[in-house]
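S.K.: How does the following fold in three dimensions:
(chains A and B)
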Number of protein chains: 2
Amino acid sequence: MSEDAVHDSAFLRACRREPVPYTPVWFMRQAGRSLPEYRKVREGIPMLESCTRPELVTEITLQPVRRHGVDAAIFFSDIVVPLKAIGVDLDIKPGIGPVVAEPFRTRADLARLRDLTPEDVPYVTEAVRLLTAELGGTPLIGFAGAPFTLASYLIEGGPSRSYERTKAMIYGDPQLWADLVERLARITSAFLKVQIEAGASAVQLFDSWAGALAPADYRRYVLPASASVFASVAEYGVPRIHFGVGTGELLGLLGEAGADVVGVDWRVPLDEAARRVGPGKALQGNLDPAVLFAPREAVRAKTDEVLAAARGLEGHVFNLGHGVMPATDPDALTHLVEYVHERTAR
Amino acid sequence: MSEDAVHDSAFLRACRREPVPYTPVWFMRQAGRSLPEYRKVREGIPMLESCTRPELVTEITLQPVRRHGVDAAIFFSDIVVPLKAIGVDLDIKPGIGPVVAEPFRTRADLARLRDLTPEDVPYVTEAVRLLTAELGGTPLIGFAGAPFTLASYLIEGGPSRSYERTKAMIYGDPQLWADLVERLARITSAFLKVQIEAGASAVQLFDSWAGALAPADYRRYVLPASASVFASVAEYGVPRIHFGVGTGELLGLLGEAGADVVGVDWRVPLDEAARRVGPGKALQGNLDPAVLFAPREAVRAKTDEVLAAARGLEGHVFNLGHGVMPATDPDALTHLVEYVHERTAR
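M.R.: Below you'll find the model as predicted:
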């Protein structure tokens, strides 16, 4: 019964480009530091440790559903969790991000990337099961990092603004690069499958930093690995979302890689994004998360602009154009959900 | 005589879309930390202080001309120098960037932005004069920060990744925002005029962070102020270059603001950039600065791609798609200049 409700939810209907009673809404990083209840339950628990505690993951994932009434939950985890699970020595440092103890630089480093099995992440299976029981008719989105973005952390050793070591490998040793992203694609596929098999009813592949590449390079060096990830989960029939920030030039290719839904940041209006993506795909986005720091009327006006640009889309999932910023007022998010539902009620 | 040589230089000819003997090359941030001779002369001298010493500015500006044989020099300064000169309490912190002691937030803060006069920056006039004497036939590019980018530092209090306070002002108090960028436009215009009157033969307006805005917002909230800067220096007849990183969606508008040359980052191939900018403008760019960390053959291959995409342009100034990164091997830059000259010799 709740399976039917999930299947008929506004979120999954929009992903499948079917008619919806209202535009569904969720927010990237909705389960996170913008919520005082999140900061409270995370107190004293390091990020990666928190991802291995099923009850905590369940609580954190549910928090924004309870508070904001969003139309989908997104599994609380981190894109480096599967890498940690197969033994890569890394940590998430507060205020910095993922830091890799020994960055990947040579062919010998490939040996550090063995395949991921469900036994490596039992806490993920358990948390997804707990969650789908709790969520009732609200769909759960599973997620993973795309090979390019994961590779960039492994090679740079941490977050980067310019990806010079990653690009040095791409251009200087394209075969090593291809082998690296092929291994990461297998790990990413396995991580998504664990989530789908345990009950996730959609998945999002985050290629957060792919926007650092020009389209020809994305097509040559990144798309094949991401396409193999999408193809590997096609048999499950769950909607596949693909997102990266600053990917205006890549929107068509993000769809081509095998996404059913293409996420769009705030720089490209959704009607223009639809032209770039082409027919047969839904779009997700794209209110600038910084807009939430403006007064409420301004937020409404910018939301109206997004909804106006979305009018002719085949399917639209409302979201921000990037993750919720930690200092965001949670009430502004709750209000935004209500406002989008109200304005789009059919 | 050297004035004629400057006027007929490959760089100025390319900016004017006239035939050139070879494609001229310069690099954003060519005078900077990638050069050991730069690190040596800057030792122990804070950034903003170094900008006020004409002999030092002259030496630093000349270093990349001597070493790499680039086709233009760019005046060594910083976009916050004119703000410091009119009394805004700010500093450039190593490893961080400009930090403003009391960020701008209210209408009362406008009073802190008085007009700039040449007497506020005598060291700029002197350094430009010294430089044009030393440079012979090599043109000197003056520069300034565009109103949006300067405003973002003043409002955020320093560098930002998301510009939430800036956007909160833009959307929440558009009249205060308009008044702020109008004042900054006057300061920027005055700073460019000082450099042109002292001998600079081109100017570049850096709207480094304008790519954080969607096109409709850029047009409404940013373009008018930048356009007034370009219009204010039109009478001098020197080429006006306009650049911001991640501005693929804004290229047409960067030209529309009044630029003769539009700078392009590496995400948009130059032939596609030319379609967006339209006829009657030259383009500048756009090798990814991260490519310089790859082996030499790879750098050549990527350079060939840039030159191939530039083939049909009305005018092309070769540059990187963003500033030189500090860890760049200076020999790679020297080689790149030679390679572009060689490949484009007519």
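
S.K.: contact partners of stretch A:123-131?
M.R.: For stretch A:123-131, contacts defined as CB atoms under 8 Å, 6 or more residues apart in numbering or on different chains pick out A:51-55, A:57-58, A:61-62, A:73, A:75-77, A:81, A:118, A:140, A:142, A:191, A:194-195, A:197-200. All C-beta atoms are positioned from the backbone trio N, CA, C, and that covers glycine.

S.K.: Could you rerun that using 6 Å?
M.R.: With contacts defined as CB atoms under 6 Å, 6 or more residues apart in numbering or on different chains, stretch A:123-131 is touched by A:52, A:54, A:57, A:58, A:61, A:140, A:194, A:195, A:198, A:199, A:200.

S.K.: just stretch A:250-267 next, same as before
M.R.: A:15, A:215, A:218-219, A:223, A:226-227, A:230-231, A:239-243, A:245, A:248, A:273, A:276-277, A:281-286, A:288, A:321-322, B:214, B:249.

S.K.: Now, of those, which are buried?
M.R.: A:15, A:215, A:218-219, A:223, A:226-227, A:230, A:239-243, A:245, A:248, A:273, A:276-277, A:281-286, A:288, A:321-322, B:214, B:249 (16 or more other CB atoms under 10 Å in any protein chain shown).

S.K.: Roughly how far does residue A:247 sit from chain B?
M.R.: 9 Å (CB to the nearest CB, to the nearest Å).

S.K.: my guess is that residue contacts residue A:209, does it?
M.R.: No - contact criterion CB atoms under 6 Å: residue A:247 and residue A:209 do not qualify, at 9.6 Å.

S.K.: more crowded one of the two?
M.R.: More crowded of residue A:247 and residue A:209, by other CB atoms under 10 Å in any protein chain shown: residue A:247, with 29 against 25.

S.K.: for that one, what are its contacts?
M.R.: A:210, A:211.

S.K.: What separation do you get for it and residue B:266?
M.R.: Distance check for residue A:247 against residue B:266: by CB to CB, to the nearest Å, it reads 14 Å.

S.K.: again, but for residue A:188
M.R.: In terms of CB to CB, residue A:188 sits 26 Å off from residue B:266.

S.K.: what about the two, which has more around it?
M.R.: A count of neighbours by other CB under 10 Å puts residue A:188 above the other of residue A:188 and residue B:266, at 29 against 23.

S.K.: Would you mind giving the secondary structure of the more buried one?
M.R.: helix (DSSP: H, G, I helix; E, B strand; the rest coil).

S.K.: Just confirm it contacts residue A:144, I think it does.
M.R.: Yes - applying CB under 6 Å, one finds residue A:188 in contact with residue A:144, separated by 4.6 Å.

S.K.: Would you mark the buried spots in the helix or strand of chain A with the lowest mean pLDDT?
M.R.: Lowest mean confidence among the helices and strands of chain A (mean pLDDT, DSSP states H and E): helix A:2-7, at a mean of 90. Buried positions in helix A:2-7, judged by neighbour count with 16+ other CB under 10 Å: residue A:6.

S.K.: Point out the residues in chain A that sit beside chain B.
M.R.: For chain A, the contact set with chain B under CB under 6 Å from any CB of the partner chain comprises A:162-164, A:167-168, A:171-172, A:214, A:246, A:248-249, A:266-267, A:290, A:293-295, A:298, A:325.

S.K.: Helices - which of these land there?
M.R.: Within the residues of chain A next to chain B, residues falling in helices by DSSP state H are A:164, A:167, A:168, A:171, A:172, A:298.

S.K.: which stretches of chain A form strands?
M.R.: Assigned by DSSP state E, the strands in chain A fall at A:73-74, A:90-93, A:97-100, A:140-145, A:202-206, A:240-243, A:261-263, A:282-287, A:316-320.

S.K.: Can you tell me which helices and strands the fifth one packs against?
M.R.: This points to strand A:202-206. Strand A:202-206 makes packing contacts with strand A:140-145, strand A:240-243 when contacts are defined by 3 or more CB pairs under 6 Å, 6 or more residues apart in numbering or on different chains; DSSP states H and E.

S.K.: cool, the shortest one as well?
M.R.: Applying 3+ CB pairs under 6 Å, 6+ apart, one finds that strand A:73-74 contacts no other helix or strand.

S.K.: How about residues contacting that strand?
M.R.: A:61, A:65, A:135, A:138, A:140, A:141.

S.K.: Mind doing that once more with 8 Å?
M.R.: Strand A:73-74 has contacts (CB under 8 Å, 6+ apart) with A:26, A:28, A:30-31, A:61-62, A:64-65, A:131, A:135, A:138-141, A:143, A:204.

S.K.: so how far is that strand from its chain's centroid?
M.R.: With CA atoms, centre = their mean, to the nearest Å as the basis, strand A:73-74 stands 10 Å off its chain's centre.

S.K.: Check the fifth one too.
M.R.: In terms of CA atoms, centre = their mean, the centre of strand A:202-206 is found 5 Å from the chain centre.

S.K.: pLDDT weak spots in chain A?
M.R.: Along chain A, segments meeting pLDDT under 70 span A:1.

S.K.: wait, what's in contact with residue A:241?
M.R.: Residue A:241 neighbours (CB under 8 Å, 6+ apart): A:15, A:141, A:202-205, A:259-263, A:284, A:317.

S.K.: any shared contact partners between residue A:188 and residue A:144?
M.R.: Counting by CB under 8 Å, 6+ apart, the contacts common to residue A:188 and residue A:144 are A:82, A:205, A:229.

S.K.: Out of those residues, which comes closest to chain B?
M.R.: Nearest to chain B out of the shared contacts of residue A:188 and residue A:144 is residue A:205 (CB to the nearest CB; 20.4 Å).

S.K.: Which residues does that closest one form beta bridges with?
M.R.: Partner residues in beta bridges with residue A:205, using DSSP bridges, are residue A:144, residue A:242.
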